[in-house]
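Colleague: Following is a predicted model, sequence given first.
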Amino acid sequence: MKVILGLGNPGKEYEYTRHNVGWWLVDHLADRWGFDGWKKDGQARVAQGQLAGVKEAVRLIKPQTYMNLSGGVLVQYARRPFWSAANDLLVLSDDVAIPAGTWRVRAEGGAGGHNGLKSIDQALGTQKYPRLRIGVGDPDRAPGGPLTDFVLGSVGKRDGDAIRSLFPAMTDAIEAWVREGMKGALDVQSRH
């Protein structure tokens, strides 16, 4: 089973924040792929289905814990025989280090101060899992200072439109990851 985890915080007050763009994308995937509605599964909401021509099921996950506890929803998958975070998990997260309107796919890496990624690292005991980083950074923001207010701040119209305009390219990369692994996703990224 391929698992695509979108990072975000539950609650209406967080819906349009920078920290929730992973949820935006995972919701887009569920709609685009025609997956069944979101269902409660422990501390997460999940939608599941299959992509045309792919035998393996794809499960989309939105943790219902706050960001810093997101990794807990992955423990059940990590215990499964033949499931590997390096091959079967893709995390969709916001990234303040890259500007809004950009995105990056990486096979592994550090948390970079992101509490959701830190939680996943801790739950899995590894940093070796793919992630798609959605830029929410603002080049006009003064360096330094706490990031909490920034990532929990609402995405403005310009940045929101820039992020949503990337959904088709990011969806292509995610579909390539499901079908071909990281090589496929990186190939798509290099074309965009």
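Modeller: Structure received.

Colleague: Now do the same for residue 139: its pLDDT.
Modeller: Listed pLDDT for residue 139 reads 69.

Colleague: That should have said residue 148, apologies.
Modeller: 75.

Colleague: wait, what's in contact with it?
Modeller: Applying C-beta atoms under 8 Å, 6 or more residues apart in numbering to residue 148 gives no contacts. Just so you know, the C-beta spots here come from the backbone N, C-alpha and C atoms, and that holds for glycine as well.

Colleague: Please report how far it lies from residue 113.
Modeller: 11 Å (C-beta to C-beta, to the nearest Å).

Colleague: next one: residue 10
Modeller: Going from residue 10 to residue 113 by C-beta to C-beta gives 22 Å.

Colleague: Pick out whichever of the two has more residues nearby.
Modeller: Taking other C-beta atoms under 10 Å, residue 10 and residue 113 do not tie; residue 10 has more neighbours (17 against 10).

Colleague: which residue sits closest to that one in space, ignoring its chain neighbours?
Modeller: residue 64 (4.9 Å; C-beta to C-beta, 6 or more residues apart in numbering).

Colleague: what about that neighbour, neighbour count?
Modeller: Residue 64 has 18 nearby residues by other C-beta under 10 Å.
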